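**Student:** My questions concern the predicted model and sequence given below.
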Amino acid sequence: MTYLLPSRILALLPFVALVLLAKAADKDAGAIPTFKSTTRIVLVDVVATDSSGRPVHDLKRSDFTVLDEGKPQGIVAFEEQRSDAPQMPPVALNLPDHVYTNYVSRSDSGALTVLLFDSLNTDRQDLPNANSKMLNFLKNLPPGKRVAVYALGSQLRMVQSFTENSDELIAAVRQLSTLSHSSYSNPKELSAAIGELKESAASKMSAGAFRNLVGFLGEEYQGRGEWRTQGTLDAFTQLARALAIVPGRKNLIWISSGFPFDTSSNVPELRRVATLLAATRIAVYPVDARGVVFMDADAQTRDSEIFLQTQPYGTASGIDQENGSIIETLETLADITGGRAHVNNNDLEGAIAESMQTGSNYYSVAYRPANAEWNGKFRKIAIRTSRRNVKLLYRSGYYATSDTFGSRDDLNGVVATAMQPSAPLSTQLIMKARVFPPKATDVATSIDMLIDVHDLTLREEKERKKPQVQFVAVAWDTNGKQCATFSGVFDAVLSPAQLESLFRTGLQIHKEMVLKPGSYQLRLGVMDRLSGRIGTLDVPLIIGASGTAK
């Protein structure tokens, strides 16, 4: 069985496969060089609008100037993407029976929209209003707009895949929980807890003991915030993996109260995640679910929070500082990915609609950086136009890394998360699978998995090449119980002739899995453990009580 990707997946990504460049090996690999077929082409989506916010069409390549770290760059590719352009015929995969793939094709023009409803970082008082505004937006969704819905709580899950059907989207949003995650808290709640201590019997304890108790509350609050921050960044990484193969720009409308931006610890991780999103052509449009933030005391504020303080309530409670930090987080994510943050605005529905409209028309500008030193540092991008009264919106930069899409996380943890039944499918690696259910109870389900070797990173060993590819399969029943699993790694040292053969045929493995009669979600996964890229797909599997499959 051969496997040739329609229009080569790497050609769809910001870094296109053209030449061999050496990569640094894993820390435990010593000085063994690793190779990957990549070139350094940076792709930037640019939104151009006039003074009224309307899209500006028909700009030419000569109207743009691109600066990388302040130095002019030559534009090697340029194209306008319009939401009103005629649709192209969809790519027909024509897969045989029992054959599946995680490849995604699209025929519509313009950008796609992803709605992310975030109950992990949003107060319970704001969630019902945010949900209501999302529903109003979807009830007035313009024809032809494809939207997907994701939810972030204890984990990221896809609620509705891309569709133009507003009824399906409305039904999906109505299923969303409007309860905050148990880890959510804010400075006002912390201040109230401390005020309650002052007014209770705890105030009679020694000053040292009281300070220790207040310190404990502060540490608990900080720990919850750090957990939510990491969970949110992990969710964005999952989204980037899930949407990596989807062509074109994706406008991620993040409806959330955000998380504080800790300049001492969060900056590198936040920039890394934001750059990964941008490289996957995901522009983040944060919509602050809090609307206009009220920072003064209210009827629920305790007297001790007001009258026993020498500073204004907003300052003493920490609300002022945290609000500024949250806004910085939202604006930083938008800036690095080429989106726009909507803060201090009670019109959430209008902010959602504007976010979708603003990013629906754009120009794709590609250039090959003159600086060929890929040292992992952040490089700033500046794009200018000679056309007067035109505003440009684009991502502010990128990291000069050998593989923006590779994972630096714990690989086993990445695999474990990606194989969960509710985790979004990953498309960083395109895979193909053939699954034959059994015809009798004593026969195993036959599973074949295949990957294009061109998409793999290869390590050189004595003039030979060695991949390190992990194949995984997990069968989940309808109750979310893991019923069967297998995992294996292909890491054979390949001669030039063997490698050339695999380039033609792909790398395929065969496994068998015994399952009892029932309904299953069979999640299959492939990870390139040298680059950290991963691909997953789901296969529905029903085995009848008689032993025959359906």
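**Tutor:** It's in.
**Student:** How many neighbouring residues does Pro128 have?
**Tutor:** 11 (other C-beta atoms under 10 Å). From N, CA and C alone the C-beta is placed, and that goes for glycine too.
**Student:** Enumerate every residue touching the residue nearest to it when sequence neighbours are not counted.
**Tutor:** Sequence neighbours aside, Thr178 is the residue nearest to Pro128 in space, at 4.7 Å (criterion: C-beta to C-beta, 6 or more residues apart in numbering). By C-beta atoms under 8 Å, 6 or more residues apart in numbering, the residues touching Thr178 are 119, 124, 127-128, 131.
**Student:** if you set the cut-off to 7 Å instead, what comes out?
**Tutor:** 127-128, 131 (C-beta atoms under 7 Å, 6 or more residues apart in numbering).
**Student:** wait, doesn't Gly544 sit right on Pro517?
**Tutor:** Yes - counting by C-beta atoms under 7 Å, Pro517 is a contact partner of Gly544 at 6.0 Å.
**Student:** Helix, strand, or coil at the residue nearest to Pro128?
**Tutor:** Here Thr178 is recorded as coil under DSSP: H, G, I helix; E, B strand; the rest coil.
**Student:** Out of the contacts of Thr178, the closest to Gly231 would be?
**Tutor:** Leu127 (16.9 Å; C-beta to C-beta).
**Student:** measure the nearest residue in space to that closest one that is not next to it in sequence to Phe137 for me?
**Tutor:** Counting by C-beta to C-beta, 6+ apart, Leu127 lies nearest to Thr178, which is 4.1 Å off, once chain neighbours are set aside. The spacing between Thr178 and Phe137, counted by C-beta to C-beta, to the nearest Å, is 16 Å.
**Student:** swap in Thr65?
**Tutor:** Per C-beta to C-beta, Thr65 is found 36 Å from Phe137.
**Student:** more neighbours, those two?
**Tutor:** A direct count of neighbours by other C-beta under 10 Å for Thr65 and Phe137 places Phe137 higher, at 25 against 13.
**Student:** The more buried one: what's it in contact with?
**Tutor:** With C-beta under 7 Å, 6+ apart, Phe137 has these contacts: 349, 352-353.
**Student:** and if you look at Asn344?
**Tutor:** Residues in contact with Asn344 (C-beta under 7 Å, 6+ apart) are 292-293.
**Student:** My assumption is that it lies in a strand; please confirm.
**Tutor:** No - according to three-state DSSP, the state of Asn344 is coil, so it is not within a strand.
**Student:** What are the phi and psi values at it?
**Tutor:** Main-chain dihedrals, Asn344, degrees, to the nearest 10: phi 50, psi 50.
**Student:** on that earlier part again, Throw the contacts of Phe137 into a markdown table and include pLDDT, thanks.
**Tutor:** Putting the contacts of Phe137 into a markdown table (pLDDT from 0 to 100) gives the following:
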| residue | pLDDT |
| --- | --- |
| Glu349 | 96 |
| Ile352 | 96 |
| Ala353 | 94 |
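**Student:** Keep only those of these that are in helices.
**Tutor:** In helices, defined here by DSSP state H, the members of the contacts of Phe137 are 349, 352-353.
**Student:** wait, what's in contact with the nearest residue to Trp374 once chain neighbours are set aside?
**Tutor:** Leaving aside its sequence neighbours, Trp374 sits nearest to Ala400 (C-beta to C-beta, 6+ apart; 4.9 Å). Going by C-beta under 7 Å, 6+ apart, Ala400 touches 374-377, 379.
**Student:** Closest to Tyr363 out of these?
**Tutor:** Checking those against Tyr363 by C-beta to C-beta gives Arg379 as the nearest, at 20.2 Å.
**Student:** which secondary element of the protein has the worst mean pLDDT?
**Tutor:** Least confident helix or strand of the chain, by mean pLDDT, DSSP states H and E, is strand 20-23 with a mean of 24.
**Student:** The residue lying closest to Asn323 once chain neighbours are set aside: neighbouring residues, count only.
**Tutor:** Among residues not flanking Asn323 along the chain, Val293 sits closest, at 5.4 Å (C-beta to C-beta, 6+ apart). Val293: 16 surrounding residues under other C-beta under 10 Å.
**Student:** Check Thr163 too.
**Tutor:** 15.
**Student:** Show me what it is bridged to.
**Tutor:** On the basis of DSSP bridges, Thr163 is bridged to Val147.
**Student:** same check, this time on Trp476
**Tutor:** Beta-bridge partners, per DSSP bridges, of Trp476: Gln482, Gln521.
**Student:** That one and Gln420: what is the separation?
**Tutor:** Taken as C-beta to C-beta, the span from Trp476 to Gln420 is 9 Å.
**Student:** can you check Val284 too?
**Tutor:** Separation of Val284 from Gln420 (C-beta to C-beta): 24 Å.
**Student:** ok, Thr280 touching Leu239?
**Tutor:** No - taking contacts as C-beta under 7 Å, Thr280 lies outside contact range of Leu239: 8.3 Å.
**Student:** out of the two, which sits in the more crowded spot?
**Tutor:** For Thr280 versus Leu239, neighbours defined as other C-beta under 10 Å are more numerous around Leu239 (26 against 23).
**Student:** Beyond the strand or helix carrying the more buried one, next helix or strand please.
**Tutor:** Leu239 belongs to helix 207-242 when assigned by DSSP states H and E. Downstream of helix 207-242, the first helix or strand assigned by DSSP H and E is strand 250-256.
**Student:** what about that next one, average pLDDT?
**Tutor:** The average pLDDT within strand 250-256 is 95.
**Student:** residues making contact with that strand?
**Tutor:** With contact meaning C-beta under 7 Å, 6+ apart, strand 250-256 is reached by 111-118, 121-122, 130, 134, 239, 243, 281-287, 289, 352, 355-356, 359.
**Student:** again with stretch 66-82
**Tutor:** With contact meaning C-beta under 7 Å, 6+ apart, stretch 66-82 is reached by 41, 57, 61, 64-65, 109-110, 248-249, 361-371, 379-383.
**Student:** would you turn the contacts of Thr178 into CSV with pLDDT, distance to Leu499 and secondary structure?
**Tutor:** Shown next, in CSV, are the contacts of Thr178 (pLDDT from 0 to 100; distance: C-beta to C-beta, whole Å; DSSP: H, G, I helix; E, B strand; the rest coil):
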residue, pLDDT, distance to Leu499, secondary structure
Leu127, 94, 53, helix
Pro128, 94, 58, helix
Asn131, 95, 53, helix
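**Student:** Tell me the one of these nearest Arg271?
**Tutor:** Nearest to Arg271 among the contacts of Thr178, counting by C-beta to C-beta, is Leu127 at 28.6 Å.
**Student:** how near is the closest one to Asn121?
**Tutor:** Relative to Asn121, Leu127 is positioned 11 Å away (C-beta to C-beta).
**Student:** Ok, Phe162 next?
**Tutor:** Computed as C-beta to C-beta, the Phe162 to Asn121 distance reads 24 Å.
**Student:** Could you give the number of residues near Asp84?
**Tutor:** By the measure other C-beta under 10 Å, the count of residues near Asp84 is 11.
**Student:** Where does it sit: helix, strand or coil?
**Tutor:** Asp84 ends up coil, using three-state DSSP.
**Student:** check contacts around it.
**Tutor:** Contacts of Asp84 by C-beta under 7 Å, 6+ apart: none found.
**Student:** can you do 10 Å?
**Tutor:** Contacts for Asp84 were tallied using C-beta atoms under 10 Å, 6 or more residues apart in numbering; they are 55, 57, 109-110, 144, 360-361.
**Student:** burial of Leu333, as a residue count?
**Tutor:** Using other C-beta under 10 Å, Leu333 is surrounded by 28 other residues.
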